[in-house]
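> fold the following, please.
(chains A and B, ligands or ions: 2)
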Amino acid sequence: MKRRDPWRIGGAVFLAGLTIFALLPMAWMLITSLKTQFAALQYPPQWLPKNPTLEQYSLLLSPGNPVGQEFLRYLFNSLWVSFASTVLGVVVAVPAAYAFSRFRFPGRNLLFYSVLLRNMFPAVVFLMPLFIMMRWLGLVNTQASLILTYLTFGLPLSIWLLKGFYDNIPVQLEQAARIDGASRFQAFILIVMPLSSPGIIATAIYSFIMAWNEYVYALTFINNAERLTLPVGLQRFFTEYATNWPGLMAASFIMSVPVVALFLVLQKYFVRALTEGAVKS
Amino acid sequence: MAEVRLSHIVKGYGTQLAVNDLSLTVNDGEFVALVGPSGCGKTTTLNLTAGLIELTGGEIHIGDRNVTDLDPKDRDIAMVFQNYALYPNKSVYKNLAFPLQMRRTPKADIDRKIREAARLLDIEHLLERRPRELSGGQQQRVALGRALVRDPKVFLMDEPLSNLDAKLRVQMRAELKRFHHDLSATIIYVTHDQLEAVTMADRMAVMHGGLLQQYDTPERVFEAPVNVFVAGFVGSPAMNLVPAQVTEGGAALESPQGWRCTLSPENARKARAASSRDVVLGARHSTITLSPTPLPGGIEGRVYTLEPTGDITFVHVRLGNDTLVISTPPATRFAPNAPVWLGVDQTKLHLFDAATGMALRAA
Ligand SMILES: Nc1ncnc2c1ncn2[C@@H]1O[C@H](COP(=O)(O)OP(=O)(O)O)[C@@H](O)[C@H]1O
Ligand SMILES: [Mg+2]
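Numbering: from 1, shown residues only, chains lettered A, B, ... in the order given. Ligands and ions are numbered 1, 2, ... in the order given. The predicted structure is shown next:
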């Protein structure tokens, strides 16, 4: 690629700009979280903290003080809600995708497209209807309401992606397994599932991040401070501890660690899931 | 090993019958080829035998057991697929081990059987590889190995050679035949290639449109096809089939294309058995002689084109609008558009009822 293609150069500049735009706030967040309260409010700002300190982190992560207690409770709530909706999502998406791929049943296409239809509307459109449904179900102010909601957000993509995987796995592999002595279920578990694992991992991580970041529903469905998830809890921090910028930034940083870590893994599996399929044909 | 008995099996998809009332018995140790054009129901028949799909009607026996309602795993069969269906995430060794593990074979036996099969198929050096690291021929052997490690009662094979290149296909054909001989295995072998069926099978079952057309030895199917379809399907180049009409009294055939052919007394009797005057005359390329000069009783045609293959030259001859392919020794030369005279060997001639397509038998 010796040729100076103006499109390539322009593209590189654009991407570099985008990267800076995305990373600068994160860098600032990290820097601020390492400052003392006094240093954080100085003007002009210190670009690099003169006396970096982990004080805020130890405060947030030690259960011994009220701030740490509250923060860790939100963290745990978020972990639980995200984890539960992820696991349930996989448990539902895998058999559903397999059925859509392998079986011909009346209403199959209609059902499949109505699953996808969910993703064509902005999420807030469903806020009121879902809230009313949760009230009917008596689930308002419980984490179950969030888990159910996040399930409906994550499933369409999971099902669609996994169906693509199962479509690519030749049915003869299962037939061979069944002739070799496996039951239908064993053929699925022993032969088909491992081949679709990149897809399962990718969709699981996607569901997790989606649930981890979600704010509007968590804010609407839950009032009880005991049950708040981290995005909403963080907002409470914001009002209660408005003067403590380093503390807020440290909390934000801790919250973004799982997302960044999972995304690093995700992009590898996502690329694999979307490009390669399971078996070369 | 065991015999396989299919009794009146039927498989319908919606209103269409993929397999229509098919009955046949494969004897213990026999190599039977299911052959027919694409879409005629061969794979469906094999999958029904394996239990991979459910019968719409009929019964299947393997040995003295009625397996009609059994799962594939309980039928004691092995199958080789067209795309080999090797487990892509397992090594060759683990591919071969899988059927044994599923049957809870002791570990030491598993290893011994895998080594035995690998030696037989000459794939010992490939055991640690993944399927995608193997050539087509090697994958084929591994698929065969996976089928034979556990001594099944019946081998089912669905076009196992059709993904190989021509040369390898000829070689594997010989090896499969040898494999059948060495193991005295009962084999049902599906192919769309009539040559594979003719060269390998003890008996061949010719299918068309879900219906069994003829089930007999390759020689009999070749010499006495029961209908126009079988006549045209088996043999290469295909049998020449031309429409004709029986003359009054049945002593000769005449064609709207203007030629006339006197029949032997035997063939005349067959012609009289036709339901109407319309018949189809069948003659293989090797049973017609060509002469550049008029023959007594010969049919006059015109050379269309020549196909020299080295040891035989195929001459395409036009009789009016019909084209016949006739083999000649390469020494005799014909020029395109030259007139030629065809002499038909009456003892090798086939007559079919044009209305039903069935072969005519002397009444
Ligand atoms: N799952 C199916 N659903 C509907 N029709 C099918 C199905 N499988 C096979 N068929 C039809 O049954 C007929 C026979 O198919 P098959 O047995 O695969 O043919 P072959 O193996 O001889 O090429 C074909 O017309 C095919 O379209
Ligand atoms: Mg087929």
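> hey, where'd the helices end up in the stretch 151-281 of chain A?
All helices of the stretch 151-281 of chain A, identified by DSSP state H, counting those that start in this stretch, fall at A:171-179, A:184-187, A:193-195, A:197-213, A:216-221, A:230-240, A:245-271.
> switch those over to CSV; also include mean neighbour count, distance to residue B:211 and mean pLDDT.
Quick note: C-beta positions are derived from backbone N, CA and C, even for glycine. Conversion of the helices of the stretch 151-281 of chain A to CSV gives the following (neighbours: other CB atoms under 10 Å in any protein chain shown; distance: least, CB to CB, whole Å; pLDDT from 0 to 100):
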stretch, mean neighbour count, distance to residue B:211, mean pLDDT
helix A:171-179, 23, 25, 95
helix A:184-187, 15, 31, 94
helix A:193-195, 15, 38, 90
helix A:197-213, 22, 43, 90
helix A:216-221, 20, 61, 92
helix A:230-240, 17, 67, 82
helix A:245-271, 17, 50, 84
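> tell me which of those lies nearest to chain B.
Proximity to chain B (CB to the nearest CB) singles out helix A:171-179 among those, at 3.9 Å.
> wait, does the closest one contact ligand 1?
No. Contact between helix A:171-179 and ligand 1, assessed by CB under 6 Å from any ligand atom, is absent, since the two come no nearer than 9.6 Å.
> what helices or strands is the helix ranked longest in chain A leaning on?
Once chain A is assigned using DSSP state H, the helix that runs over the most residues is helix A:66-102. For helix A:66-102, the packing partners by 3 or more CB pairs under 8 Å, 6 or more residues apart in numbering or on different chains; DSSP states H and E come out as helix A:55-61, helix A:108-117, helix A:143-168, helix A:197-213, helix A:230-240, helix A:245-271.
> could you dump these to a markdown table with distance to residue B:350?
Formatted as a markdown table, the helices and strands packed on helix A:66-102 follow (distance: least, CB to CB, whole Å):
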| stretch | distance to residue B:350 |
| --- | --- |
| helix A:55-61 | 92 |
| helix A:108-117 | 49 |
| helix A:143-168 | 47 |
| helix A:197-213 | 57 |
| helix A:230-240 | 83 |
| helix A:245-271 | 62 |
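> closest to residue A:126 out of those helices?
Proximity of these to residue A:126 was assessed by CB to CB; the nearest stretch is helix A:143-168, lying at 7.8 Å.
> give me the buried positions along that closest one.
Buried residues in helix A:143-168, counting neighbours by 16 or more other CB atoms under 10 Å in any protein chain shown, are found at A:143, A:145-151, A:153-166, A:168.
> restrict those residues to those near chain B?
By CB under 8 Å from any CB of the partner chain, no member of the buried residues of helix A:143-168 lies near chain B.
> pLDDT value on the residue in the stretch 151-281 of chain A that chain B sits nearest to, please?
Ranking the residues of the stretch 151-281 of chain A by distance to chain B (CB to the nearest CB) places residue A:181 first, at 3.1 Å. Taken from the predicted model, the pLDDT recorded for residue A:181 is 95.
> test my guess that residue B:113 contacts residue B:148.
No. With contacts counted by CB atoms under 8 Å, residue B:113 stays clear of residue B:148, the gap being 9.2 Å.
> distance between stretch B:77-94 and the chain's centre?
25 Å (CA atoms, centre = their mean, to the nearest Å).
> stretch B:27-38 now?
In terms of CA atoms, centre = their mean, the centre of stretch B:27-38 is found 8 Å from the chain centre.
> show me what the helix or strand encompassing residue B:168 is packed against.
If you go by DSSP states H and E, residue B:168 is part of helix B:166-183. In terms of contact count using 3+ CB pairs under 8 Å, 6+ apart, helix B:166-183 is assigned the packing partners helix B:136-148, helix B:194-200.
> the last one and ligand 1, are they touching?
No. Using CB under 6 Å from any ligand atom, helix B:194-200 stays clear of ligand 1, with a minimum separation of 12.8 Å.
> what does the helix or strand just after that helix rub up against?
Note on helix B:194-200: by DSSP H and E, the next helix or strand toward the C-terminus is strand B:203-208. Around strand B:203-208, the neighbours that count as contacts under CB atoms under 8 Å, 6 or more residues apart in numbering or on different chains are B:22, B:24, B:30-37, B:40-42, B:45, B:197-198, B:212-218, B:221, B:229-230, B:233-234.
> strands - which of those residues land there?
Judged by DSSP state E, those include B:22, B:24, B:31-35, B:212-216 as members of strands.
> helices of the stretch 201-350 of chain B, residue ranges please.
Per DSSP H, counting those that start in this stretch, the stretch 201-350 of chain B carries helices over the ranges B:218-223, B:228-233, B:265-272.
> likewise for the stretch 1-150 of chain B?
B:42-50, B:92-102, B:107-121, B:136-148.
> what about the ones you listed, which gets the closest to chain A?
Put simply, out of these the one that sits nearest chain A is helix B:92-102, at 3.1 Å, with distance taken as CB to the nearest CB.
> is the closest one anywhere near chain A?
Yes. Helix B:92-102 reaches chain A (CB under 8 Å from any CB) through B:98-99, B:102.
> how far does that helix sit from the chain's center?
Averaged C-alpha coordinates place helix B:92-102 at 32 Å from its chain's average position (CA atoms, centre = their mean).
> I appreciate the help and will end here.
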